[in-house]
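[1] Here you go, sequence then predicted model.
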Amino acid sequence: MEVLAVYLRAVGQWTGCDWPTRFGEAELNLNGLRSHQALLLARATAGAESTEWRAAARWLQQVEADAHDAQQDAKQAVELAEADQFLDALRLARRAYDLEANYRTPRVWSDMIGLLEASIQPEV
């Protein structure tokens, strides 16, 4: 099924912060960092710098959790589409899209949404 192919191309493309940032007062660029790496930096520093890295680690944990949740929603959307439940599949694909949109211009789940929208037959 096409929806599965779209999912397989998209899976793993968004797992965390992969865009330039200016986080906190120190304007930290967290691009490419994982939450556990930010926590290591928090432990390796002191004072205000450590506080900044701890806040960054918490934010990165949320980004990583949202990326994971988006991927799970998209996976469930595939299962629903395979069962011809396109409206429910579209709802989940849009939720995945919206999670990504909280952080950046969405690009991972857009193709899935387009394909699902095209699969929905107008009601007669």
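    All right, it came through fine.

[2] how about the residue nearest the centre of the chain, what does it touch?
    The residue lying closest to the centre of the chain (CA atoms, centre = their mean) is residue 67, at 2.8 Å. Residues in contact with residue 67 (CB atoms under 8 Å, 6 or more residues apart in numbering) are 14-16, 99-100. C-betas here are computed from N, CA, C, even on glycine.

[3] and these, which of them are in helices?
    Counting by DSSP state H, the part of those found in helices is 99-100.

[4] which among the contacts of residue 67 end up buried?
    Buried members of these, scored by 16 or more other CB atoms under 10 Å, are 14, 16, 99-100.

[5] And those, which is closest to residue 79?
    residue 99 (18.2 Å; CB to CB).

[6] Was I right to think that closest one contacts residue 71?
    No. Using CB atoms under 8 Å, residue 99 makes no contact with residue 71, being 9.4 Å away.

[7] dump the residue contacts of residue 32.
    By CB under 8 Å, 6+ apart, the neighbours of residue 32 are 17-18.

[8] hmm, 7 Å instead?
    Residues near residue 32 by CB atoms under 7 Å, 6 or more residues apart in numbering: residue 18.

[9] three-state assignment of it?
    For residue 32, the secondary structure call by DSSP: H, G, I helix; E, B strand; the rest coil comes out as coil.

[10] all helices of this protein, in order?
    With DSSP H as the criterion, the chain has helices spanning 2-10, 35-44, 47-82, 86-101, 110-119.

[11] quick one, which of these is packed in tightest?
    helix 86-101 (a mean of 20; mean count of other CB atoms under 10 Å).

[12] Run the angle between it and helix 2-10 for me.
    For helix 86-101 against helix 2-10, the angle by axes from the mean of the first three to the mean of the last three CA atoms, to 10 degrees is 20 degrees.
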